[in-house]
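1. need a 3D model of the sequence below.
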Amino acid sequence: MSVCIIGGGPAGIFTANNLLKYKPIIYDPQPFGKIKSHFLPSPSNKIYEEKMKNILSQCVLKKQYIKNLNELPECSVYVVAIGAEPKKGLGITYDDLIKNKLNPKNAIVIGMGDISFDIARRLTNKVDILGKHTFTESKFSNSLLRNLGKANYVNVMPLVDKENRRNKIALKNHDTGSRISLHFDAFPIEINEKDNKYEVKLKNGSKIEGDILVNATGYQPRSTTELTKNVNKPIYYIGACSNPKGNIGTIITEANDLSEKIKRELDKSNIIL
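-> Numbers count the residues shown, from 1 in each chain. Presented below is the predicted three-dimensional model:
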């Protein structure tokens, strides 16, 4: 008998960290989540990844997809950490792109967040990423901006105020021949589809054409209805499947709080593991 954690991303793994004496079992066909797939890996991500690898080495990892928790009769307590999924909208979603192994000559991605960068990383041809905020309004840290400036495959489109300090950082390595172009303050005002092609008109009047349109404008908690159907044992939720906002720091704090709660409940109920 054991604590079973469904989802091997940061939320699941850091929850397991304080439950190691219960020999947690983690179920995830592709562990590490966003930390592993991030488009521009940062030094801090590498540190977190190493910590997660160390924790995971002390758990039982089963790389399998779980449809319903009742498939795991050996578990006494469940922790659901299956993350979030892209919101539905015009065009295809990230999941559609991965599932169908699409690799168009030119992709247009609406939304400028982690998911957009992961899409761009997976594709091998030209990608235009459209963001609604101006560059100075963006939430990118100066460290990430420097990474963008150094990446020879990324082109930050020319900005109006080139004397702005943040703009200078990102434009340091400006190259119009780059595979990936980031368009700030460029949310679409009109989208037309014709002959399996997309034409996107931006508010500045310019147009961008692409073979596919990927909607990456945000996340919503991934549904847990089928996963938890007819389950009578204790279930706890952590991470983006309960709240799609936050960062690695808040996830670790929430994971610590949840693991302490689980330990108290196990001791109080005298569940034998």
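2. so how far is G12 from I25?
-> 11 Å (C-beta to C-beta, to the nearest Å). The C-beta positions use only the backbone N, C-alpha and C, and glycine is treated the same way.
3. between these two, which one's more packed in?
-> A count of neighbours by other C-beta atoms under 10 Å puts G12 above the other of I25 and G12, at 32 against 18.
4. identify the residue spatially nearest to the more buried one, adjacent ones excluded.
-> A81 (3.6 Å; C-beta to C-beta, 6 or more residues apart in numbering).
5. number of nearby residues for that neighbour?
-> Residues near A81, counting by other C-beta under 10 Å, number 30.
6. what of K245?
-> A count of nearby residues for K245, using other C-beta under 10 Å, gives 9.
7. which residues touch it?
-> By C-beta atoms under 8 Å, 6 or more residues apart in numbering, the contact list for K245 is empty.
8. and the end-to-end length of stretch 236-249?
-> Using C-alpha to C-alpha, to the nearest Å, the end-to-end distance of stretch 236-249 comes to 20 Å.
9. buried residues, it. List them.
-> Buried residues in stretch 236-249, counted by 16 or more other C-beta atoms under 10 Å: 236-244, 248.
10. where exactly do the helices run in the chain?
-> Listed in chain order, the helices of the chain (DSSP state H) span 10-17, 33-37, 43-56, 94-99, 114-122, 142-150, 165-171, 248-269.
11. can you tell me which of the buried residues of stretch 236-249 is nearest I110?
-> The closest of those to I110 turns out to be P244 (C-beta to C-beta; 17.5 Å).
12. the closest one touches I115, doesn't it?
-> No - in this structure P244 lies outside contact range of I115 using C-beta atoms under 8 Å: 10.7 Å.
13. could you chop the protein up by domain?
-> 3-85+219-270, 92-215 (the TED database).
14. dump those domains into CSV; add mean pLDDT as well.
-> Formatted as CSV, the domains of the chain follow (pLDDT from 0 to 100):
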stretch, mean pLDDT
domain 3-85+219-270, 88
domain 92-215, 74
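15. dump the residue contacts of A107.
-> By C-beta under 8 Å, 6+ apart, A107 lies in contact with 119, 123, 125-128, 210-214.
16. I figured I238 hits I252, correct?
-> No - counting by C-beta under 8 Å, I252 is not a contact partner of I238; they are 10.8 Å apart.
17. quick check: bridge partners of Y237?
-> For Y237, the beta-bridge partners are V80 (DSSP bridges).
18. how about the contacts made by it?
-> 79-81, 224.
19. and if you look at G239?
-> Neighbours of G239 in contact, by C-beta under 8 Å, 6+ apart: 7, 9-12, 81, 83, 251, 254-255.
20. I'm done for today, thanks for sticking with me.
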